[in-house]
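J.: give the three-dimensional model of this entry:
(chains A and B)
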Amino acid sequence: MIMRWVCENCKRKWIYPVKKCIYCKADIKEETSRKLKVVGFTKVNVPSVMHPITPYNILILEDDNQNRIPRKTMKDYNIGDYYEEMPATKEPSVSIVKIKYDIDRAVEDALYLINDLDVDKKSKILIKPNMMAAAYPYLAVTTNPKTVSAIIKYLIKHGAKKENIVVAEQSIYAPIEAALKKTGFGLLCKEQGINFVDISKSEFVEKEFEGFKVKITKEIFDKDLIINVPVLKTHLLFGISGAFENMSRLIASDDLLKIEQLTKERKIDLNDTIVKLHKILPKYLTVGDGSIGMEGNGPLKGAPAFLSYILASKDPVAHDAVFHELGLFLRKAKYLEAASKLDLGESNIEKIEVVGNEIKATARELKPAIGSKLMENN
Amino acid sequence: MYIKGVGMTRFDVIDKPSHLIAYDAAYAALENSGLSINDIDAVVLGNQDFDPNGERQRHIPTMLSSLFKKVIPIMRTPAACSSGGVAMWTANKIVENDKNINNVMVLGVEKLSTCPTFVTTDELMMASNQRFEQPEGMIFPAQNALVAQQHFMKYGSNSDDLALIALKNHENAFLNPKAKFYKKKVTLDTIKKSPIVASPLRLFDCSITVDGAASCILSKDKSDVEIIASSLYTDYLSTFERDDMVTWNAIKNAADAAYKQANLKPKDIDLVEIHDAFTIVELVSYEDLGFAEKGHGQELIRDGTVKLDGKLPVNTSGGLKAKGHPISPTGVAQIVELTEQLRGECKDRQVSNAKIGLAQNIGGAGGTVIVNILKKSS
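T.: Predicted structure coming up:
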């Protein structure tokens, strides 16, 4: 997709989403093109830190208005070929969209590429971000509220009513008021008129899995659509924190602690437990927030990774498997294969249709959490 | 303004920290000028805040204050590969406009040899667009490869033309004791058989990164070499954003302004130092500096015009290609070469009867361009 911001008066064009023309102060209109032609290409044979997999191609794509954009791909093209990004043709699918213009466009594109969401004015929707701690969004400990804001805008644009949308989460490491304030979700919900549900204070239903009795928030059982919005990061216990880890906070926090203790006592791997928990959850969509993302000692003390991409998938295992591939980690996160075996989704990359950007054209090495399962020589 | 003295280190792997490399060049320029450090009223430093060599030094101007034991105005002008040129332009303006300043030392320094190539490649790419080019793998060889492809398609130039440019610059560097490739024979066959870095550019189409420093002392006092024009222009950061990828407007604008200041035409120039970071840049520059019509640059290398014994010798120093390209010192080293040529000090590579020289320094893919015209004083 190529976008340009064009002055309605003097016709000057920007590649950046400016609001007013700096020359004539006139309004700006957007130009968007999806059907693009290859007008130049090069095959690059030398690796660099951000682009370790070679060879790769860079295309110069041009639209009908002679607007151009470079595009990295592992596939070969010729001058004159058309280049169009089409939505997925099968499931499981995962879209990867690099953030070029702003997060709103990236989220919209990521959802378009997995064939959009079927919502209407009656759809009851729950959005589950990561708000585990009281941390500023730039630290990438928690989900970027701009990503959730983009999802809300998308839902409303596609027919959903804001009164039917809730944002639900509980904070583990800080009082909810502090978390709402620092993460930016308090302001987001206020500005957009969206209800926030503190899961810790919600009604719970008791469920049982693998000998564990847990209380799960009732909020998720009467919704037409659940959108899981994890911040993509490294994780000391699970290797990566994606769709799976984020959904664990639908359980009452005391039960979360209990699960950890009992897992230790019973000498069960926590990776298996988190996977089995998903057997009692309803189906959900995942929008992975890589607007910043984290590497190193996640989930709390890593460094911002500046991933600058959004993932979307209806399959949480496929979603996490793709994020795992994008980080070029040496060891595979254990829970992915376990989840696949339980038919919770697909962990085999070869069987996942990746749309938008290609994995190899996006992947770069992320530092794992020290002591994480990814570092074990298993 | 006049050039009182010039000095530079050899461009090579130098087993010294960068501040001591800088010291050597400054010392040489002072020796050459007959001035003492006490005579210097200000220092302008061309240097990047380059991280991966393990020598990151923010606030480097005050480090120079410690090094030179001088408490005078000292500033840095980081502008990617044009840092040295911007330092020259800035120093020229200072000498011209500040009645209290008589002599300014211009200094360019960088140390690159201690970084692995894939790290240096990545670090240099940071001078490209952060949203649209860096995530797409637009390392500088790729950016210039795309320009080469467009020039080939549009104007019928080809890889053989680029190989001849590389050969010419290696032949010149063979004669320059300060060049990385001094007394190192490189054949056309070696150039043509070198590996493809980013198609169609081969290894020998790319300049070589080295350590080094160069210095020049500008003065109000008359000397044997005068700066009769100095201009600086910018263009949009990315080539894909411009109307024509193979016409670099910053070169045209800077050259036009310089010719106007000097009251000269391109035909009046006796020799040129061009910023040949890639051979295609030299070819495009023949045209945009006004030495050839657009689309005819290749004729100058085919008919030998730009060879050492040709009508318009280009890159008698060996250029960035074969003298070496330490990034920031490059723009200053071009002035060193022209000064020595105009003084008749270049021995085996001396251009006979050289009276007027032009230096063109580029930052990024034509994003910043500085053109200086030097004249042998009568």
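J.: okay, CA-based contacts and neighbour counts for the rest of this
T.: Will do.
J.: any chance you could note which residues of the stretch 201-350 of chain A sit beside chain B?
T.: Neighbours of chain B within the stretch 201-350 of chain A, by C-alpha under 8 Å from any C-alpha of the partner chain: none found.
J.: quick check, the residue in the stretch 201-350 of chain A closest to chain B?
T.: Ranked by C-alpha to the nearest C-alpha, the top residue of the stretch 201-350 of chain A for proximity to chain B is A:S308, at 8.7 Å.
J.: where's the closest residue to that residue other than its chain neighbours, which helix or strand?
T.: Spatial nearest neighbour of A:S308, chain neighbours left out: A:S291 (4.4 Å); criterion: C-alpha to C-alpha, 6 or more residues apart in numbering or on different chains. Per DSSP states H and E: A:S291 is located in strand A:285-295.
J.: partners of that strand, with directions?
T.: strand A:225-229 (parallel), strand A:231-235 (parallel), strand A:303-304 (antiparallel), strand A:309-313 (antiparallel) (DSSP bridges).
J.: partner residues bridging the closest residue to A:V355 other than its chain neighbours?
T.: Counting by C-alpha to C-alpha, 6+ apart, A:V355 lies nearest to A:S95, which is 4.6 Å off, once chain neighbours are set aside. Beta-bridge partners for A:S95, by DSSP bridges, are A:A312, A:V355.
J.: pull the contacting residues for A:S95.
T.: Neighbour list for A:S95: A:110-111, A:113-114, A:310-313, A:354-357 [criterion: C-alpha atoms under 8 Å, 6 or more residues apart in numbering or on different chains].
J.: that one and A:N246, how far apart?
T.: To A:N246, A:S95 is 19 Å away according to C-alpha to C-alpha, to the nearest Å.
J.: same for the helix or strand harbouring B:S66, what does it pack against?
T.: Using DSSP H and E, B:S66 sits within helix B:60-68. Under the contact definition 3 or more C-alpha pairs under 8 Å, 6 or more residues apart in numbering or on different chains; DSSP states H and E, helix B:60-68 sits against helix B:18-33, strand B:74-76.
J.: surely B:I94 touches B:N100?
T.: No. If you go by C-alpha atoms under 8 Å, B:I94 and B:N100 don't touch, sitting 9.6 Å apart.
J.: ok, back up a step: ok, the residue of the stretch 201-350 of chain A closest to chain B touching A:Y101?
T.: No. With contact defined as C-alpha under 8 Å, A:S308 does not reach A:Y101; the gap is 10.7 Å.
J.: of these two, which one has the most company?
T.: Ranked by neighbour count (other C-alpha atoms under 10 Å in any protein chain shown), A:S308 and A:Y101 place A:S308 first, with 19 against 16.
J.: more crowded one of B:I94 and B:N100?
T.: Ranked by neighbour count (other C-alpha under 10 Å), B:I94 and B:N100 place B:I94 first, with 19 against 9.
J.: quick check, pLDDT for that one.
T.: We have a pLDDT of 98 for B:I94.
J.: setting aside sequence neighbours, what's the nearest residue to the one residue in the stretch 1-150 of chain B that gets nearest to chain A?
T.: Chain A sits closest to B:F118 of the stretch 1-150 of chain B, with a gap of 4.2 Å, by C-alpha to the nearest C-alpha. Of all residues not flanking B:F118 in the chain, A:S48 sits nearest, at 4.2 Å (C-alpha to C-alpha, 6+ apart).
J.: report the secondary structure element holding that neighbour.
T.: Per DSSP H and E: A:S48 is located in neither a helix nor a strand.
J.: can you give me the neighbour number for it?
T.: Applying other C-alpha under 10 Å, we find 21 residues neighbouring A:S48.
J.: what does A:L61 give?
T.: A total of 26 residues lie near A:L61 under the criterion other C-alpha under 10 Å.
J.: rewinding a little: next one, pLDDT for the residue of the stretch 201-350 of chain A closest to chain B please.
T.: Confidence score, pLDDT, at A:S308: 97.
J.: which stretches of the stretch 101-250 of chain B have low pLDDT?
T.: Scanning the stretch 101-250 of chain B for pLDDT under 70 picks out nothing.
J.: if we can go back for a sec, what angle separates the helix holding B:S66 from helix B:18-33?
T.: Helix B:60-68 and helix B:18-33 are oriented at 60 degrees to each other (axes from the mean of the first three to the mean of the last three C-alpha atoms, to 10 degrees).
J.: quick one: average pLDDT of helix B:60-68?
T.: Helix B:60-68 comes out at a mean pLDDT of 95.
J.: residues in contact with that helix: which ones?
T.: So helix B:60-68 is contacted by B:19, B:23, B:37, B:45, B:70-72, B:74-76 (C-alpha under 8 Å, 6+ apart).
J.: stretch B:236-252 too?
T.: Contacts of stretch B:236-252 (C-alpha under 8 Å, 6+ apart): A:15, A:60, A:67-70, B:128-129, B:133, B:143, B:147-148, B:150-151, B:233-235, B:284-285, B:288-290, B:364-371.
J.: tell me which residues in that stretch are buried?
T.: Neighbour-count burial for stretch B:236-252 flags B:236-242, B:245-252 (criterion: 16 or more other C-alpha atoms under 10 Å in any protein chain shown).
J.: who does the most centrally placed residue in chain A bridge with?
T.: Centroid-nearest residue in chain A: A:G288, 0.9 Å away (criterion: C-alpha atoms, centre = their mean). Under DSSP bridges, the beta-bridge partners of A:G288 are A:L311.
J.: list the residues that contact it.
T.: For A:G288, the contact set (C-alpha under 8 Å, 6+ apart) comprises A:228-232, A:242-243, A:310-312, A:319.
J.: any chance of these in JSON lines, with distance to B:A277 and neighbour count too?
T.: Formatted as JSON lines, the contacts of A:G288 follow (distance: C-alpha to C-alpha, whole Å; neighbours: other C-alpha atoms under 10 Å in any protein chain shown):
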{"residue": "A:N228", "distance to B:A277": "48", "neighbour count": "28"}
{"residue": "A:V229", "distance to B:A277": "45", "neighbour count": "28"}
{"residue": "A:P230", "distance to B:A277": "44", "neighbour count": "27"}
{"residue": "A:V231", "distance to B:A277": "41", "neighbour count": "30"}
{"residue": "A:L232", "distance to B:A277": "39", "neighbour count": "35"}
{"residue": "A:G242", "distance to B:A277": "43", "neighbour count": "29"}
{"residue": "A:A243", "distance to B:A277": "46", "neighbour count": "27"}
{"residue": "A:I310", "distance to B:A277": "36", "neighbour count": "26"}
{"residue": "A:L311", "distance to B:A277": "38", "neighbour count": "31"}
{"residue": "A:A312", "distance to B:A277": "41", "neighbour count": "29"}
{"residue": "A:H319", "distance to B:A277": "42", "neighbour count": "31"}
